[in-house]
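**Student:** Got a predicted structure plus its sequence, pasted below:
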Amino acid sequence: MVCGGFVCTKNALCALNILYVLVSLLLVGVAAWGKWFGLVSSINVVAGVIGVGIFLFLVAFVGLCGALKHHQVLLFFYMIILFIVFVVQFSVSCACLALNKDQQDQLLEVGWNKSEATQRDVENTLNCCGFTNFNPNGTCAAICFKQEHPSCLTCSTTIQKYTGEVLQFVGGLGLFFSFTEILGVWLVHRFRNMKDPRSNPSAFL
């Protein structure tokens, strides 16, 4: 069977969805690992990452079942969901790549003020205290704060060193996966309109 035919397209769809399954399991595993070892104490962050992983797993499972069985209904819903995910992910990735420094600072401050658990995680991980101001009489989870005469950098100073690189990495990675998703949409559309060579040639597809 030549490449581009029924079997080749089916195998390509299966391989793409197996990749999505592995990525979803990696997301769930990393979130569980971070929570287990105390790297992330915020339940909202862990639940969010696990939720994205489970959603991706379910979408990939639907796509895999539809590809293996050549099921028209499953393939249709999979194509619609994958296209919606592509639009959202492509938009977010472009936004990450387009943010300037002032917008990055505003976004960081909003995220900092939203959750005290996230503040403790950042202070503990980056060994910093406070976002823009260090208060030696306040509370802080950083190691530097536990010294006899605490003198810690503010978290905004530490985070801003890596914000641009992180956003470029996240945006680039998101763009890469968004193109795999539009490839999946094209493969599904192509596969749905193919006739299974093993079926009755006169059967209606």
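**Tutor:** Now that the structure is in, tell me what you want to look at.

**Student:** What segments of the protein are helices?
**Tutor:** Applying DSSP state H to the chain gives helices spanning 6-36, 43-69, 72-98, 101-114, 116-126, 155-192.

**Student:** okay, the angle between the first one and helix 43-69?
**Tutor:** Per axes from the mean of the first three to the mean of the last three Cα atoms, to 10 degrees, the angle that helix 6-36 makes with helix 43-69 is 160 degrees.

**Student:** Over to the third one?
**Tutor:** Using the same axes, to 10 degrees, one finds that helix 72-98 and helix 43-69 are set 140 degrees apart in direction.

**Student:** Against which helices or strands is helix 72-98 packed?
**Tutor:** Packed against helix 72-98 by the contact rule (3 or more Cβ pairs under 8 Å, 6 or more residues apart in numbering; DSSP states H and E) you find helix 43-69, helix 155-192. The C-beta positions use only the backbone N, C-alpha and C, and glycine is treated the same way.

**Student:** so can I have CSV of the ones you listed showing distance to residue 97 and mean neighbour count?
**Tutor:** Compiled in CSV, the helices and strands packed on helix 72-98 are given as follows (distance: least, Cβ to Cβ, whole Å; neighbours: other Cβ atoms under 10 Å):
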stretch, distance to residue 97, mean neighbour count
helix 43-69, 20, 17
helix 155-192, 4, 16
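
**Student:** May I see those helices organised as CSV, with distance to residue 22 and mean pLDDT added?
**Tutor:** What follows is these, written out as CSV (distance: least, Cβ to Cβ, whole Å; pLDDT from 0 to 100):
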stretch, distance to residue 22, mean pLDDT
helix 43-69, 9, 84
helix 155-192, 12, 84
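
**Student:** closest to residue 27 out of those helices?
**Tutor:** helix 43-69 (3.4 Å; Cβ to Cβ).

**Student:** Relative to residue 73, how far out is the residue nearest the centre of the chain?
**Tutor:** The centroid of the chain falls nearest to residue 52 when counting by Cα atoms, centre = their mean (6.8 Å). Applying Cβ to Cβ, to the nearest Å, the value for residue 52 to residue 73 is 25 Å.

**Student:** what do you get for residue 20?
**Tutor:** From residue 20 to residue 73 the distance is 20 Å (Cβ to Cβ).
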